[in-house]
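Peer 1: Quick one: sequence and predicted model below, then my questions.
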Amino acid sequence: MTGKAEVSLSHLFSSAKLLNDVSDKISAQIKDIETALAARGVGVTAWISLKSWDEEVGDHTLNYTASLGYAKHNGRWGLLHEVYCDQFGEATTSFLRDVAREVRIDALEKLPDLFDRLAEETQKLTETAHRNLSVAREITAALNSNGR
């Protein structure tokens with residue numbers, strides 16, 4: 001092997017090891033974030049858009065949107081990545097920690113936006129719950145007063 005090839009391979013392998021190490025740490029952090037959200041009772045769904053793109057397939061153009069969300073998937077709450085195709089009306093949903101490394105890395109910087117959306121959705125649901133609780137109390141009071 002030439003000296004240049006040997007140096008290049010050494011650099012490649014060193015870089016790959018560093019990337020794998022940081023990727024493993026990112027996956028661990030995602031799991032820790034999910035655990036913290038679940039421990040604090042965040043049981044509200046929210047999504048934000050990450051990116052959109054078009055793909056030419058024969059004579060057709062397919063439009064895709066990738067989103068980052070927090071929702072229940074396969075019976076478990078977690079951070080999710082979803083790719084939706086407008087033309088087929090179908091989405092592929094995966095836990096964020098299970099998607100490609102590049103996707104996980106890019107999604108991290110959008111987590112604060114997702115948390116803002118989660119806070120908004122939680123506030124909306126809380127307001128609705130308070131209104132509906134008042135209605136339920138009125139019904140209960142009416143039932144109790146008519147039963148006397």
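Peer 2: That came through, no problem. Everything numeric in this text was worked out from a predicted model, so none of it was measured. Numbering: from 1, shown residues only.
Peer 1: Now do the helices in the protein.
Peer 2: Remark: helices assigned in the chain by DSSP state H are 3-39, 101-108, 111-146.
Peer 1: Next one: Asn63 from Leu19, what distance?
Peer 2: Separation of Asn63 from Leu19 (C-beta to C-beta, to the nearest Å) stands at 31 Å. From N, CA and C alone the C-beta is placed, and that goes for glycine too.
Peer 1: returning to what we had before: just send the helices of the chain back as a markdown table, with distance to Gly89, mean neighbour count and mean pLDDT too.
Peer 2: Listed next are the helices of the chain as a markdown table, based on distance: least, C-beta to C-beta, whole Å; neighbours: other C-beta atoms under 10 Å; pLDDT from 0 to 100:
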| stretch | distance to Gly89 | mean neighbour count | mean pLDDT |
| --- | --- | --- | --- |
| helix 3-39 | 28 | 12 | 95 |
| helix 101-108 | 22 | 15 | 95 |
| helix 111-146 | 23 | 12 | 94 |
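Peer 1: could these be laid out in TSV, adding distance to Phe95?
Peer 2: Shown next, in TSV, are these (distance: least, C-beta to C-beta, whole Å):
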stretch	distance to Phe95
helix 3-39	8
helix 101-108	10
helix 111-146	14
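Peer 1: Looking at the ones you listed, which is nearest to Leu50?
Peer 2: Proximity to Leu50, assessed across those by C-beta to C-beta, is greatest for helix 101-108 (6.6 Å).
Peer 1: and the longest strand anywhere in the chain, what other elements does it pack with?
Peer 2: Using DSSP state E, we find that the single longest strand of the chain is strand 60-73. Counting contacts by 3 or more C-beta pairs under 8 Å, 6 or more residues apart in numbering; DSSP states H and E, strand 60-73 packs against strand 46-57, strand 76-85, helix 111-146.
Peer 1: No further queries at this time; thank you.
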